[in-house]
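Q: one predicted model, sequence on top.
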Amino acid sequence: MLAAAKMVGFLLTKDYEKARAFFEGQLGFEFVSLDQFALVMSIGGHNIRIVKVPNFTPLQSTVLGWDVLDIQAVVAWLKQQGVACEKYPFVQDRELGIWSAPGGAKVAWFKDPDGNVLSVSQHP
């Protein structure tokens, strides 16, 4: 039953305006709604519910990611949008911030205004 259902992602924020500016203005997501429960954004036919909480500590691992066909093009586009990829110590490509896994996958991480870790990845 769930295999055919659309997935809904959840994120936390302290500021709806900053979150909407980032996801809509910088990442190009579609605004769906904002009510007393959540800011809802749409991407690729899937919704992300961004819930406002007064205080939280973001996880230090990826909470949401996208599988892309050309990670270098996506990372270049993110940079044009003003989104910087994280340059973790293990990342080989220090200029773009792309990590190459032993199996051939490539991953780049970036953060939203609340410090949630997001990623893009390309798999062989």
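A: Yep, it's here. Model, not experiment: these values are computed from the prediction.

Q: could you use CA atoms for every contact and neighbour count after this?
A: Noted.

Q: Val32: what secondary structure?
A: Here Val32 is recorded as strand under DSSP: H, G, I helix; E, B strand; the rest coil.

Q: give me the number of residues near it?
A: 12 (other Cα atoms under 10 Å).

Q: that one contacts Ala38, correct?
A: No - applying Cα atoms under 8 Å as the test, Val32 and Ala38 come out as separate, 10.4 Å apart.

Q: domain map for this protein?
A: With domains defined by automatic domain parsing, the chain comprises 7-52, 62-122.

Q: distance to Met1 and mean pLDDT added to those, as TSV?
A: Conversion of those to TSV gives the following (distance: least, Cα to Cα, whole Å; pLDDT from 0 to 100):
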stretch	distance to Met1	mean pLDDT
domain 7-52	12	96
domain 62-122	23	96
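
Q: related to what we said a few turns ago, between Val32 and Ala38, which contacts overlap?
A: Common neighbours of Val32 and Ala38 are not found (criterion: Cα atoms under 8 Å, 6 or more residues apart in numbering).

Q: roughly how far does the residue nearest to Tyr88 when sequence neighbours are not counted sit from Val51?
A: Using Cα to Cα, 6 or more residues apart in numbering and skipping the chain neighbours, the partner closest in space to Tyr88 is Gly97 (7.7 Å). Between Gly97 and Val51 the computed distance is 29 Å (Cα to Cα, to the nearest Å).

Q: just Gln60 next, same as before
A: 18 Å.

Q: okay, the two: which has more neighbours?
A: Val51 (20 against 9).

Q: all good on my end, thank you.
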